[in-house]
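Colleague: got a predicted structure here, sequence first:
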Amino acid sequence: MTESQIQAEILRELGSRTDVRLFRNNCGVGWSGQLVRRIDNLVTLANARPIRYGLTPGSADLIGWQHITVTPEMVGRKLAVFTSIEVKAHATGRLTPEQDNWRRVVSSAGGAAGVARSVAEAAAILI
């Protein structure tokens, strides 16, 4: 199964839960400017400038939150717990240093973060 297929399966399965909201976090760089010429896949821009999208380099493939109801001693409020799931297609898939740093930062701040290669692994990341 490809990474895209695993992501779609995780979004479909966990997205059916009422306590979870996940979104695809595409990260990358595009270019903006005035179109000078376009020939097939070759585009020439004047005044070209990069546009970065996504949260930050290393941020996970799927982000969102899981809401939980806190205990009575915490006034019974619902809270959203930031959730970050990095999807890998193969057992040998490893996190980049940036992805591992992101996972550690989210976890240390109280969020739910981890790596998933299946829906079951993604569900296990949730609180």
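Modeller: Thanks, I have it.
Colleague: where do the strands of this structure begin and end?
Modeller: 20-24, 28-39, 42-53, 62-69, 78-87, 112-116 (DSSP state E).
Colleague: who's Thr44 bridged to?
Modeller: On the basis of DSSP bridges, Thr44 is bridged to Arg37.
Colleague: and it, how far from Arg37?
Modeller: Using Cβ to Cβ, to the nearest Å, Thr44 is found at 4 Å from Arg37. Every C-beta, even on glycine, is put in place using the N, C-alpha and C of the backbone.
Colleague: of those two, who's got more company?
Modeller: Set Thr44 next to Arg37 and count neighbours by other Cβ atoms under 10 Å: Thr44 wins out with 12 against 9.
Colleague: which ones are touching the nearest residue to Glu9 once chain neighbours are set aside?
Modeller: Among residues not flanking Glu9 along the chain, Val119 sits closest, at 5.5 Å (Cβ to Cβ, 6 or more residues apart in numbering). Listed by Cβ atoms under 8 Å, 6 or more residues apart in numbering, the contact set of Val119 reads 6, 9-10, 13-14.
Colleague: show me where the protein dips below the pLDDT cut-off.
Modeller: Scanning the chain for pLDDT under 70 picks out nothing.
Colleague: show me what the closest residue to Pro50 other than its chain neighbours is bridged to.
Modeller: Leaving out its chain neighbours, the residue that sits closest to Pro50 by Cβ to Cβ, 6+ apart is Val29, at 5.1 Å. With DSSP bridges as the criterion, Val29 is bridged to Arg52.
Colleague: what sits against Val29?
Modeller: 50-53.
Colleague: same thing but at 7 Å, please
Modeller: Under the criterion of Cβ atoms under 7 Å, 6 or more residues apart in numbering, the neighbours of Val29 are 50-52.
Colleague: out of these, who's nearest Arg94?
Modeller: Of all the contacts of Val29, Arg52 has the smallest distance to Arg94: 23.9 Å, by Cβ to Cβ.
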